[in-house]
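**Student:** sequence and computational prediction follow.
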Amino acid sequence: MIRTTCPYCGVGCGVRAEAGDDGAVTVAGDALHPASRGRLCVKGAALGETVGLEGRLLSPMLRSEAGLQAVPWEAALDKVAEGFRRIVAEHGPDAVALYVSGQLLTEDYYVANKFMKGYIGSANIDTNSRLCMSAAVAGHKRAFGEDIVPGCYEDFELADLVVLVGSNAAWCHPTLYQRIVRAREARPQMKVVVIDPRRTATCDLADLHLPLKPGSDVWLFNGLLAWLATQGALDSAWVEAHTAGLGEALDAAGQAGSLLDVAKACRLDPQQVLAFYELFARTEKTVTAFTMGVNQSSSGADKVNAIINCHLATGRIGRPGMGPFSLTGQPNAMGGREVGGLANMLAAHMELDDPAQRAAVQAFWDAPRMAHQPGLKAVDLFHAIEAGTVKAVWIMATNPLVSLPEADQARRALAKCELVVVSDIVQDTDTNALAHVLLPALGWGEKDGTVTNSERCISRQRAFLPAPGQARPDWEIVCDVARRMGFNGFDFTSPHQIFDEHARLSSWQNGAGSQRRRLFDIGGLAGMTHSDYDALEPVQWPVCRPGDRTRRLFGDGRFSHPDGRARFVPTRARLPAHLPDDEFPLVLNTGRVRDQWHTMTRTGRSPRLAEHLPEPYIDMHPQDALLCGVKEGELARLRSNWGAGVARVRHGGGIARGSVFMPIHWSGRTASDARVGAVVNPAVDPVSGEPEFKHTPVRIEPFGVNWYGFILSRAELPLEDATNWTRIQGSGFVRYELAGRKPFAEAGGWARRLLRVEDEDADWIELEDRNGGVYRAAHLVDGRIEACLFVSQRQDLPGRAWLAQMFDKAQLSPQDRIGLLSGRAREQGADPGPTVCSCFGVGRNTIRIAIEKHGLQDAAAVTACVKAGGNCGSCVPEIRALLAEASVQAS
Ligand SMILES: Nc1nc2c(c(=O)[nH]1)N[C@H]1C(S)=C(S)[C@@H](COP(=O)(O)OP(=O)(O)OC[C@H]3O[C@@H](n4cnc5c(=O)[nH]c(N)nc54)[C@H](O)[C@@H]3O)O[C@H]1N2
Ligand SMILES: Nc1nc2c(c(=O)[nH]1)N[C@H]1C(S)=C(S)[C@@H](COP(=O)(O)OP(=O)(O)OC[C@H]3O[C@@H](n4cnc5c(=O)[nH]c(N)nc54)[C@H](O)[C@@H]3O)O[C@H]1N2
Ligand code: SF4
Ligand SMILES: [Mo]
């Protein structure tokens, strides 16, 4: 058994993992980890289902006319080193770039940054954190003089008011959300406010939900600052002693106008705005946590500062139970910032545009060629690639063809690029399809190093699986290329050595006598032995001396600006970059679902995780659907100025009129046409370069098809005849949801071709109702189901859950055979319905029936009866919705 850290969200839960003799991996929460104290959400709990080697990239590959070919490492590394060397020699260092990721370990990230900024001599290294945290980074630097999250998770438990802004923590930071749930159970006087245009699962906990107009957060928080001032609710003595710039910030905030003006600009009920303001004013212990609803905006950095301004004005920062709190997305978003992985940073919280600090880093690295100006930020980088000014790009641990805004532009860029190198762990991704060189990296459970979570806690990720195939750690691949290019400084033989150098750099010319004191200092972790490093317990930075432990920062009122004072930043509210009009009347909001991680290269392999929301969807208000001529359950096309996509229409996701929501997870590998990044506009925040992912004007049109259908099949199938498809991982089978335009004449022959059943004597049962436009077939082999197909011209397909169970059976009973073409058991109640609780696999029908039959009144009773909600708790909001539905029906 190994203690390690979850590779998904920025909460950074501790995991105990073990590989059994049969290769099966078991995981459990690590009770000793301070971030999670033994808890895991369903994604963490399903890690064992995602580490198998199927689909893994196991050898370096080069693309030639003949396609992709496995090659020895030497050939692949030579190709990369030679390509980079030649392009730098011919066109200068800025003609090459790295595009990396908050899912790299700190050690990987450190060498990648050193390679580009100190040796290639360009700052053209940016990261997917540009799409995620860069607005928070910019906000922190403006306010505090350094990129610092001052608080810790315990503050969420000690607070009397938790404000969640643009955060669906119930789904995206589940174990932290559960900590808030439990804290409030223990202290019911604690209040929770959720500020989000959608009524999300997170609102289940909210005393007050403010469904503000998308993009209007600066109005709301400017309004709050101005209102606090008029109420005499500012901490003037603290402001006087520790800050600068309140006057200008108040002037800017005052332009938001009266409370009524603010309510109007935010499209909120003035009473609710007042209720929030009063609650904030009277609650000293307030934590304001914010995530992508804040950062991913063309005024992202200003949203962040508008929030921080309110905390500075009330002196609520750095003390127990209070402070602004930027929740990080990826597992090592924070570590990437420590090493300076963004194109406008240096390393160890030093500044690229400060000549003294540049010289300090150059001296420490003994670097031959330092970058001396900021590099290209992600969106600009892909435009420079398309324009041909950047001729080689090395992409690591991110899938930009899916995750960038205006993703078809990214595709055009890579298609034109001279040299595209991708380091990944899986072979088949949308981005890899355009790579000239593929480099196989070690994945979670195989790689070794450190990550830093949202509360600045550094934890070890440890290997407990052998390196598969020829895969190598990312840091080693970078070092190999660097050495081939003739760079010295990359002779590391273990992540421990890299960490040690990183720790030493953090205290280099830092502290007494140096120009600027940087709070990021982990000098106390330098000089560890290899075994100390292996045994490293989670520790929050700064760690200036061995044994230091820093829960909170700024409690002493000293900030990182040269004069020690925090800055108020005047924030002027402005509208999003692109506004809806007659042609594109709706606003597209994009984000996450509970059980999937980003582009699904890992979570997409888990049957358990596929069940909750198996298909891409467009959540929209029923009245908007009516106006657009689309119907729930049918496919619709989503179109913007930049691209289009297709997904199923859904209601009930808590969306207000005028907006639609589509999840980000589906790629060209998992669905024919649901890559929402292609639809998203490319506008960015001028301060941080963070894209406006949450606000794109779109229109919705019917997507006409002649039939809907689905297949469950043990074998993967090519789907030429389907106009639209989604691939869903089942347990022992693949499920395809289909829709088609071509009418299916001769359904039997067509179905056999589709399912690849050539044998005339195959055990084949079918049912055709030509007039009704219905066709169903099943293929059995030795009494076991091999595949089944259901097609209909109407929306009357049976549920998939019972059929899925048939794939577990070695032999179908005669009863099963009879049920097969009706798609359900002959006896009532056997169809559990769509999954609600993924931990225990409990379906909606099961829960509904239990509620009705036993008269269950609350979520705890449901858990006691059918187990749903009894593990990670993420489905409790949905259980409560079912209880509410039942009580409405009963009355
Ligand atoms: N299950 C799951 N969890 C994850 C991830 C995942 O892929 N899956 N990814 C991780 C990563 S990298 C990240 S960055 C985090 C993201 O975590 P979150 O930011 O919590 O998640 P999102 O779904 O991107 O968006 C949050 C909310 O912002 C709201 N929003 C949209 N526009 C506005 C606005 O103008 N103002 C306000 N106040 N809110 C708005 C949306 O309606 C949405 O509910 O999640 C992390 N955790
Ligand atoms: N429309 C829209 N787009 C968004 C967002 C949004 O809210 N809306 N959110 C943005 C945000 S916040 C984020 S963080 C991004 C995330 O977007 P991406 O970073 O593009 O998404 P992932 O699927 O996490 O990509 C990680 C890749 O790294 C691979 N990988 C996993 N482990 C390793 C490893 O150890 N080494 C290497 N070399 N590869 C590895 C995986 O197989 C996968 O291909 O999406 C952004 N895009
Ligand atoms: S809450 Fe985040 S870190 Fe914890 S188990 Fe879930 S995904 Fe992993
Ligand atoms: Mo993120």
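**Tutor:** Structure received. Ligands and ions are numbered 1, 2, ... in the order given.
**Student:** quick one: residues contacting the residue most central in space within the chain.
**Tutor:** Central residue of the chain (CA atoms, centre = their mean): His598, 5.1 Å from the mean position. Applying CB atoms under 8 Å, 6 or more residues apart in numbering, we find His598 in contact with Asn399, Val402, Ser403, Ile664, His665. In this view, the C-beta of every residue, glycine as well, is placed from N, C-alpha and C.
**Student:** the third one and ligand 1, how far apart?
**Tutor:** Ser403 sits 9 Å away from ligand 1 when distances are taken as CB to the nearest ligand atom, to the nearest Å.
**Student:** next, count neighbours for that residue.
**Tutor:** 26 (other CB atoms under 10 Å).
**Student:** surely it touches Arg130?
**Tutor:** No: applying CB atoms under 8 Å as the test, Ser403 and Arg130 come out as separate, 10.7 Å apart.
**Student:** how far off centre is the helix or strand hosting Asn113?
**Tutor:** Under the criterion of DSSP states H and E, Asn113 resides in helix 106-114. From the chain centre to the centre of helix 106-114 is a distance of 21 Å (CA atoms, centre = their mean, to the nearest Å).
**Student:** just checking, next helix/strand downstream of that helix?
**Tutor:** Counting by DSSP H and E, what follows helix 106-114 is strand 125-127.
**Student:** which strands or helices does that next one pack on?
**Tutor:** When contacts are defined as 3 or more CB pairs under 8 Å, 6 or more residues apart in numbering; DSSP states H and E, strand 125-127 packs onto strand 96-100, helix 378-387.
**Student:** highest mean neighbour count out of the ones you listed?
**Tutor:** strand 96-100 (a mean of 27; mean count of other CB atoms under 10 Å).
**Student:** that strand and ligand 2 in contact?
**Tutor:** No: using CB under 6 Å from any ligand atom, strand 96-100 stays clear of ligand 2, coming no nearer than 8.8 Å.
**Student:** mind putting the helices and strands packed on strand 125-127 into a markdown table with mean pLDDT?
**Tutor:** Output for the helices and strands packed on strand 125-127, formatted as a markdown table (pLDDT from 0 to 100):
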| stretch | mean pLDDT |
| --- | --- |
| strand 96-100 | 98 |
| helix 378-387 | 98 |
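**Student:** of these, which is nearest Trp508?
**Tutor:** strand 96-100 (22.9 Å; CB to CB).
**Student:** buried sites along stretch 90-106?
**Tutor:** 91, 93-106 (16 or more other CB atoms under 10 Å).
**Student:** narrow the contacts of His598 to those in strands?
**Tutor:** Assigned to strands by DSSP state E, none of the contacts of His598 qualify.
**Student:** ok, so of these, who is nearest Asp685?
**Tutor:** Ser403 (17.0 Å).
**Student:** what about the closest one, distance to Gly643?
**Tutor:** Going from Ser403 to Gly643 by CB to CB, to the nearest Å gives 14 Å.
**Student:** check which helix or strand the residue of the chain found nearest ligand 3 maps to.
**Tutor:** When scored by CB to the nearest ligand atom, the chain has Gly44 as its residue closest to ligand 3, at 2.5 Å. Gly44 belongs to helix 42-45 when assigned by DSSP H and E.
**Student:** so after that helix, what's the next helix or strand?
**Tutor:** strand 61-64.
**Student:** could you list every helix and strand in contact with the helix or strand following that next one?
**Tutor:** Using DSSP H and E, the helix or strand that follows strand 61-64 towards the C-terminus is strand 67-70. Using 3+ CB pairs under 8 Å, 6+ apart, the elements in contact with strand 67-70 are strand 61-64.
**Student:** what's next to the strand it packs on, contact-wise?
**Tutor:** Leu68, Gln69, Ala70, Val71, Ala75, Ala76, Lys79, Gln427, Ala435, His436, Val437, Leu438.
**Student:** from those residues, pick the one nearest Trp764.
**Tutor:** Looking at these and their distance to Trp764, the nearest is Gln427, at 33.9 Å (CB to CB).
**Student:** need the pLDDT of the residue of the chain closest to ligand 3.
**Tutor:** Note for Gly44: predicted pLDDT of 97.
**Student:** contact partners for the nearest residue to it once chain neighbours are set aside?
**Tutor:** Residue nearest to Gly44 in three dimensions, not counting chain neighbours: Cys6, with 4.4 Å by CB to CB, 6 or more residues apart in numbering. Neighbouring residues of Cys6 by CB under 8 Å, 6+ apart: Gly12, Cys13, Gly14, Val15, Leu40, Lys43, Gly44, Leu47, Pro331.
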